[in-house]
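A.B. asks: this one's structure only:
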Ligand code: SAH
Ligand code: SF4
Ligand code: F3S
């Protein structure tokens, strides 16, 4: 047992936030107490992201800020920067006590005890993914209306720009029964929406008694839980969009008509260089099929701008695809060179000015499309799952449409966790506003 207090700071993707909740449960079960403020905690855990240069650097400035205030804290760096930079982290910042990769969070309580007792620096960055899932079954205590559950980790795709295969290791799926148990447990505590998470969530495959169970099977299994009203999955890779999964969007009415399916670029030349394993034609075909089975479905994407060798023509092809598909929500980033990846060895001759201009042109276009789409809801009624209530004014609530739009609504009758018909009265590109 350890009576010390801790604070976890999370960066990066939803899977890191999920892991942080698990870390919190693991430490609380060992007698430690979570603090609301970083300055009040004996142990500070940074759950890091290595996806872009900026994200990876942030942890060092944050550690600097914390250790300036007090030198007595135990500092643990976990997550993807820990995995990628390894013992090099101790050289970069001597205040770090523990470096722990994403596969072994169950070791953290012991490492904290040992590091404090022996005043030594400890590190573990082994890849033992199946062990992680054995330990991660520990219950989460969070009580959200929308609850994320990691079902798959890692990546075998090796896109030439990406660190994930190196930081999270090979693709590995969790036992479907454990996932179902976790879904039952969170829905019994108030979750009406389950978001299935994975770096390649639609590559989910668990072989049991000689039979393969894919994401389609898992979604159907979870939709049997009465309290679960909505199911989503993220992030998917286009090459794993099976016919069955596409069809499921017309067959399972708990599966939401919204899909995050990152395309990265609209240019075949760039897609090839990125090693994405599909062409812009393949991507268009997948969307066409999705819309054939469910005409209501909306798509969001990630884009990388300024990948080495991206010409004006390549960029125009991305814009063309955006206009055609009309992505209703998206993330776009300037290419960031990552150590150890294949594209790090490519000549990056596009000027930063050009990259910034392209990013801003793309983001303006995405914003216009999003605004047009949101405007189409004006004066209409839409089903909103109510997630939160405003603390300052109890007549105001927050929720989401089936298409992931944020809705701020005013009502004196809605209940948190319920789906309500909301009349949309105004909007901007980010959100809808309405009454119920
Ligand atoms: N597995 C998912 C994406 C996971 S990473 C997929 O294949 O789509 C999340 C996003 O970060 C990626 O979609 C990509 O757009 C972005 N990203 C990854 N590496 C990057 C890099 N080196 N520079 C800029 N953006 C990057
Ligand atoms: Fe990274 Fe590509 Fe794997 Fe996605 S599919 S995590 S972008 S390597
Ligand atoms: Fe970042 Fe690791 Fe997620 S690099 S995006 S935290 S898988």
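C.D. replies: That came through fine. These figures come from a predicted structure and were not determined experimentally. Ligands and ions are numbered 1, 2, ... in the order given.
A.B. asks: residue 293: what's it in contact with?
C.D. replies: When contacts are counted by Cβ atoms under 8 Å, 6 or more residues apart in numbering, residue 293 touches 246-247, 249-250. For every residue, glycine as well, the C-beta is placed using N, CA and C.
A.B. asks: so what pLDDT did it get?
C.D. replies: At residue 293, the pLDDT value in this model is 97.
A.B. asks: so that it lines up with my notes, have the first residue be 15 from now on.
C.D. replies: Fine by me, first position is 15 from now on; the one you just mentioned is residue 307.
A.B. asks: find the nearest non-adjacent residue to it, please.
C.D. replies: With Cβ to Cβ, 6 or more residues apart in numbering as the criterion, residue 307 has its nearest non-adjacent residue at 4.0 Å, and that residue is residue 264.
A.B. asks: let me know the average pLDDT across whichever strand or helix holds the one you found.
C.D. replies: Element membership for residue 264, per DSSP states H and E: helix 257-265. Averaged over helix 257-265, pLDDT sits at 98.
A.B. asks: what about the helix or strand following that helix, distance to the chain center?
C.D. replies: Going down the chain from helix 257-265, the next helix or strand is strand 272-274, by DSSP H and E. Remark: strand 272-274 is offset 13 Å from the chain centroid, using Cα atoms, centre = their mean, to the nearest Å.
A.B. asks: ok, and what's touching the helix or strand following strand 272-274?
C.D. replies: Heading C-terminal from strand 272-274, the first helix or strand you meet, by DSSP H and E, is helix 282-287. For helix 282-287, contacts defined as Cβ under 8 Å, 6+ apart pick out 174, 278-279, 292-295, 321-324, 328, 331, 357, 360.
A.B. asks: now stretch 216-223
C.D. replies: If you take Cβ under 8 Å, 6+ apart as the criterion, stretch 216-223 is touched by 165-166, 170, 185, 187-190, 210, 212, 226-229, 232, 247, 250-251, 254-256, 259.
A.B. asks: restricted to buried residues, select the residues you listed in PyMOL.
C.D. replies: Buried residues within the contacts of stretch 216-223, by 16 or more other Cβ atoms under 10 Å, are selected in PyMOL with:
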select buried, resi 165+166+185+187+188+189+190+210+212+227+228+229+232+247+250+251+254+255+259
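A.B. asks: out of the contacts of stretch 216-223, which are inside helices?
C.D. replies: 190, 229, 232, 259 (DSSP state H).
A.B. asks: which among the residues you listed gets closest to ligand 2?
C.D. replies: Nearest to ligand 2 among these is residue 229, at 15.3 Å by Cβ to the nearest ligand atom.
A.B. asks: which pLDDT value belongs to the spatially closest residue to that closest one that is not a sequence neighbour?
C.D. replies: Nearest non-adjacent residue to residue 229, counting by Cβ to Cβ, 6+ apart: residue 218, 4.3 Å away. pLDDT recorded at residue 218 is 98.
A.B. asks: one step back: neighbours of the residue nearest to residue 307, just the number please.
C.D. replies: 16 (other Cβ atoms under 10 Å).
A.B. asks: go on, residue 36?
C.D. replies: Other residues close to residue 36 by other Cβ under 10 Å number 19.
A.B. asks: for the one 10 residues further on, same thing?
C.D. replies: In terms of burial, residue 46 registers 22 neighbours under the definition other Cβ under 10 Å.
A.B. asks: please apply the same query to residue 179.
C.D. replies: Look at residue 179: counted by other Cβ under 10 Å, it has 19 neighbours.
A.B. asks: same thing with residue 368?
C.D. replies: Residue 368: 15 neighbours (other Cβ under 10 Å).
A.B. asks: now it. Nearest residue, chain neighbours left out?
C.D. replies: The shortest distance from residue 368 to any non-neighbouring residue, by Cβ to Cβ, 6+ apart, is to residue 320 (7.2 Å).
A.B. asks: residue 355 too?
C.D. replies: The nearest residue in space to residue 355 (Cβ to Cβ, 6+ apart) is residue 175, at 5.8 Å.
A.B. asks: surely that neighbour is in a strand?
C.D. replies: No. Residue 175 is assigned coil when assessed by DSSP: H, G, I helix; E, B strand; the rest coil, not a strand.
A.B. asks: helix or strand with the lowest mean pLDDT in the chain?
C.D. replies: Here the helix or strand of the chain ranked lowest by mean pLDDT, DSSP states H and E is helix 143-149, holding a mean of 68.
A.B. asks: ok so, going back, any idea how far the residue nearest to residue 229 lies from residue 316?
C.D. replies: To residue 316, residue 218 is 20 Å away according to Cβ to Cβ, to the nearest Å.
A.B. asks: sorry, back to before: distance-wise, check the residue nearest to residue 355 relative to residue 206.
C.D. replies: Where residue 206 is concerned, residue 175 sits at a distance of 37 Å (Cβ to Cβ).
A.B. asks: higher neighbour count, these two?
C.D. replies: Per other Cβ under 10 Å, whichever of residue 175 and residue 206 has more neighbours is residue 175, with 24 against 21.
A.B. asks: run through the residues that contact the more buried one.
C.D. replies: 288, 318, 321, 349, 352, 355-357.
A.B. asks: what would the residues you listed look like in a markdown table with pLDDT, distance to residue 160 and secondary structure?
C.D. replies: Output for the contacts of residue 175, formatted as a markdown table (pLDDT from 0 to 100; distance: Cβ to Cβ, whole Å; DSSP: H, G, I helix; E, B strand; the rest coil):
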| residue | pLDDT | distance to residue 160 | secondary structure |
| --- | --- | --- | --- |
| 288 | 98 | 31 | coil |
| 318 | 98 | 28 | strand |
| 321 | 98 | 33 | coil |
| 349 | 97 | 31 | coil |
| 352 | 96 | 31 | coil |
| 355 | 97 | 33 | coil |
| 356 | 97 | 36 | helix |
| 357 | 97 | 35 | helix |
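A.B. asks: emit the ChimeraX select command for whichever of those residues are buried.
C.D. replies: Only the buried entries of the contacts of residue 175 go into this ChimeraX selection, using 16+ other Cβ under 10 Å:
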select :288,318,321,349,352,355,357
